[in-house]
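got a predicted structure here, sequence first:
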Amino acid sequence: MTLPDYHFISAPLWLVTALHLLTLTLHLAAMSCLLGGTLIALWAGVRKQWPAPDAAGFARVLPAATAATVSLGVAPLLFLQLVYPRQIYAATIVSGWFWLAVIGAVIMAYYALYRTSFQAHRTGQVSLGLLALAALGLLYTSLVYSSVFALAEQPDVLRALYAKDQSGWVWNPAVGAYGLRWLHMVLGALTVGGFFVSVLGRKSPAMAATGRAALVGGMAAAAAVGFLYLVSLDTYLDTYLGPYMRTPAMPVLVVALALALAALHLHSRKRLALAGLCLFLSVFGMVYLRHVLRLVRLRGSFDLAAWRIAPQWSPFLLFLVCFILMLVVLVWMARLFFRPEPEVETQRKHQP
Amino acid sequence: MHYPFWDQPIGYGVLMAVIAVFHVFVSHFAIGGGLYLVVNEQLARRAGDTERLAFLEQLSKFFAMVTLVAGALTGVGIWFVIGLLAPAATEALIHNYVWGWATEWTFFVVEIAAAMLYFYGWKRLTAKAHLTLGWIYFGAAWLSLVVINGILTFMLTPGRWLVTGDFWQGFFNPTYWPSLVLRTGVCVMLAGLYALLVASRLEAGDFKARTVRLAAGWAVVGLAVIALAQAWYWKAIPAAVTARALETMPTPVRAIVLSLWLAAALGAVGMALVILAPRRFGTAAALAFMALGMAWFGAFEWSRESLRKPYILTGYMYGNGAEVAETANYRRDGFLPQITFRTGDDGADLFRHACRSCHTLDGYKALRPALAGADRAYILALIQGAHLLRGNMPPFLGTPREAGLIADHLYQRTDHRTLAAIYPLDGLALGRRAYDLRCGKCHAVGTASDKAKSLAGQSAEDLSGMLDMAASLGEGMPAYTGDAAERKALVAYLQTLSQGGKP
């Protein structure tokens, strides 16, 4: 009897890649609102920039942002494991304890944010200690992700590290290789978080100002660090940067930067919906760049085209239907929640 | 074999159990609790029972905190852990079932969003809208069980998939339906237990009595569903699997028996609560009841996991990640060419990939104490006869040279003194030790391979002669390589074996 072979991908690569990048962009958008929002709220709190009711109102959104980040993070990690199992499992195993501690860090951040939100609801005050705790948990998580995923792109380093230490206590020592990458992500989160703050606080001058400052400052800094990161790959100029230049990455980079600038412009014109769209598309472009860079860095040890493709169309169709249903239900529930029907007022009198 | 091995001291079984038990609890509760909330909200609204509505609102806060945070994140946590502990199996599952998982994810997103809106919507929404959100929540949560159940049951009973590789045949495998019913029963039962816990904190009185009766009723109904489904489930597992489990794995079988007793106790207490509807019911009692429920569920899940041994994916991949389809390659070329992450110490690498996912040296299923006093030749025989030992282990599929490397690795780490020197024992007690070390690992007393009967009534000379020719008694039976003092004690013990080791 020949047993089924599991080394295959059950949909065309373009489809899996598209879903991967799309869900990753959604996850990063939510993550940025969460991480950027938490950092900005903390900053504004320390400097007492926001009136208490505004700060409390904002704190009450953060648990929802956490829920969104976690649930939107599941899909891209699934597709990542699907296409890059050899790289991803290996890197997570070598840093096993640090990787696993992410769960603890996120639970801690989540509860801290819930507590902040309940307290804000009850007392009208935001606890900066709890916010700081949450920020710590989230920053730890982001750092582990950057370090582990960078490690996954360096199979030789990974092998050498494992040969020396199998305990799962290995922290990627090549800080130079991912420090800038991580900083770029955090600054990107501040940018998007700034946008998020300015949208939620559009009726509060103080919040709108902080939000805008984070948006503009974050974007400038993120661009600078991103550029530095690309140049830092210069050490391997022949191996990475050269091939990278020959991919569609450069035109995409130009478009993504243009979209980011357009977002700034639209934002200053108070055309928030359109600005948000530009920002999202810009992040999508960056996610694509990141994807191409990964493939370039993995050249020699990994080739996407080597995957055997054996589509499972009926389960895929099931997924597609459920995915569309999910979007419909989400929109429908949000409308139900945020636009209560007129009879609510009269009905409510009969309720406890 | 294609992955590095996470060499942590806790032991894979323990780490997995800690996270899995917690998650399995919370996730079933997340489903049952949702049903409990909407059904009771509906009844309370119809009856205009404001006291109950207030109670439910309070319950929903606790519920949201538990399911949204702990439930969702321990779910992600399990996924992290299986990727670390069993990367090859996780990879195989994801490649076959990625669209199953992706579908589950859509339900998960809806579930989380609906739970938040339901929780924040008690005051904000109309009764109808609020109830609708509650039903959406429950529907999505249960549907995620419908999907994940296919993948979980696949691991134990892949059915025709092993021949065809067909997604749906693996998904709707022989234990799919009984397991779905069983787990749905678990959800209902756990909801009752949690509601009891919250109810126990109410003030004594009529309302409390009614609430306790209702919650206990849920637990009893859930348990009744479980009882029927469990019998069905057991029948749906291929007879060869259950028969082998009963033969070779005394501990999980004891767990199954224990789980039946625990279920009976749960049922009895639950019925008593329904009938008596106590006006006083303390938190300690509710916690004890909850602990009983958890013990039952833990025993059930653990025995279910054990049934799968020696596989992680039945008939497809062993617990250590060795692939059945690769057997011929392993036997010919060994494990080493397939172990891509090497440390320079081949014995250690082989030990990790062949044994370490189930054993530690000193902690969980520790091998150092189990092999104290053994010589290298005997350790080698145990490795090559691994599938013969109690515990339903995978066969060692590598080359003889590799078995030797593992034997060296273990022998260098174990106590080489004689048994009598390691344990200050003599006489029958020493003989029992010798039996545990040299025979009991394969002929565990009370199992199908128990040799007490065939050894009964033999003289000391006969038995000693039998030890001389031990290696010829059966394929895989090792030669006797213990020293003379140990042999004498062992023979004396063997003479008493049929009387349970008493002179």
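That came in fine, so what should we check first?

helix/strand/coil for residue B:69?
Put simply, residue B:69 is helix when judged by DSSP: H, G, I helix; E, B strand; the rest coil.

state the distance from it to chain A.
From residue B:69 across to chain A, the span is 5 Å (Cβ to the nearest Cβ, to the nearest Å). Every residue, glycine included, has its C-beta placed from N, CA and C.

distance of the closest residue to residue B:343 other than its chain neighbours relative to residue B:401?
Distances taken as Cβ to Cβ, 6 or more residues apart in numbering or on different chains place residue A:163 nearest to residue B:343, at 5.0 Å, with adjacent residues excluded. From residue A:163 across to residue B:401, the span is 22 Å (Cβ to Cβ, to the nearest Å).

so which of the two has more stuff around it?
residue A:163 (15 against 11; other Cβ atoms under 10 Å in any protein chain shown).

circling back: these two touch, right, the residue nearest to residue B:343 and residue B:339?
No - contact criterion Cβ atoms under 8 Å: residue A:163 and residue B:339 do not qualify, at 11.9 Å.

what about the longest helix in chain A?
Criterion DSSP state H: the longest helix present in chain A is helix A:13-46.

what mean pLDDT does it have?
On average, the pLDDT along helix A:13-46 is 97.

in that helix, what's buried?
For helix A:13-46, a neighbour-count test (16 or more other Cβ atoms under 10 Å in any protein chain shown) marks A:16-17, A:19-21, A:23-45 as buried.

elements contacting that helix?
Secondary-structure packing of helix A:13-46 (3 or more Cβ pairs under 8 Å, 6 or more residues apart in numbering or on different chains; DSSP states H and E): helix A:52-59, helix A:62-83, helix A:128-152, helix A:175-200, helix A:205-232, helix A:272-297.

out of those, flag the one nearest residue B:249.
Closest to residue B:249 of the helices and strands packed on helix A:13-46, according to Cβ to Cβ: helix A:62-83, at 31.9 Å.

packing partners of the closest one?
Helix A:62-83 sits against helix A:13-46, helix A:85-94, helix A:96-123, helix B:72-85, helix B:87-120, with contacts defined as 3+ Cβ pairs under 8 Å, 6+ apart.

tabulate these in TSV, adding columns for distance to residue B:245.
Formatted as TSV, the helices and strands packed on helix A:62-83 follow (distance: least, Cβ to Cβ, whole Å):
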stretch	distance to residue B:245
helix A:13-46	39
helix A:85-94	30
helix A:96-123	31
helix B:72-85	22
helix B:87-120	20
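
okay, which residue is most central for chain A?
residue A:28 (2.1 Å; Cα atoms, centre = their mean).

for the lengthiest helix in chain B, the averaged confidence score.
If you go by DSSP H, chain B has its longest helix at helix B:12-47. Taken as a whole, helix B:12-47 has a mean pLDDT of 89.

for it, name the packing helices and strands.
Looks like helix B:12-47 contacts helix B:50-64, helix B:72-85, helix B:87-120, helix B:127-156, helix B:176-199, helix B:206-236, helix B:283-307 (3+ Cβ pairs under 8 Å, 6+ apart).

spatially nearest residue to residue B:9, not counting backbone neighbours?
Excluding its sequence neighbours, the residue lying closest to residue B:9 (Cβ to Cβ, 6+ apart) is residue B:363, at 5.8 Å.

number of residues surrounding the one you found?
By other Cβ under 10 Å, the residues close to residue B:363 number 14.

phi, psi of it?
phi -100, psi -110 (degrees, to the nearest 10).

do the one 3 residues further on as well
Backbone torsions of residue B:366, given as degrees, to the nearest 10, read phi -70, psi 140.

dump the residue contacts of it.
By Cβ atoms under 8 Å, 6 or more residues apart in numbering or on different chains, the contact set of residue B:366 is B:359-360.

what number of residues lie near residue B:440?
When neighbours are defined as other Cβ under 10 Å, residue B:440 has 18 of them.

that one in helix, strand or coil?
Once three-state DSSP is applied, residue B:440 turns out coil.

so the residue nearest to residue B:343 is in which element?
Assigned by DSSP states H and E, residue A:163 belongs to helix A:155-164.

and residue B:476, how far from residue B:219?
Counting by Cβ to Cβ - residue B:476 and residue B:219 are separated by 48 Å.

of these two, who's got more company?
Shown here are residue B:476 and residue B:219; by other Cβ under 10 Å, residue B:219 has more neighbours (29 against 16).

correct me if wrong: that one contacts residue B:271.
No - Residue B:219 lies out of contact with residue B:271 (Cβ under 8 Å); the separation is 9.5 Å.

I'd like the distance between the most centrally placed residue in chain B and chain A.
Geometric centre of chain B, nearest residue: residue B:302, 2.8 Å, by Cα atoms, centre = their mean. Residue B:302 is 22 Å from chain A, where distance means Cβ to the nearest Cβ.

my read: that residue touches residue B:251, true?
No - using Cβ under 8 Å, residue B:302 is not in contact with residue B:251, being 9.4 Å away.

mind telling me which residue of chain B is nearest chain A?
Chain B approaches chain A most closely through residue B:165 (3.0 Å), counting by Cβ to the nearest Cβ.
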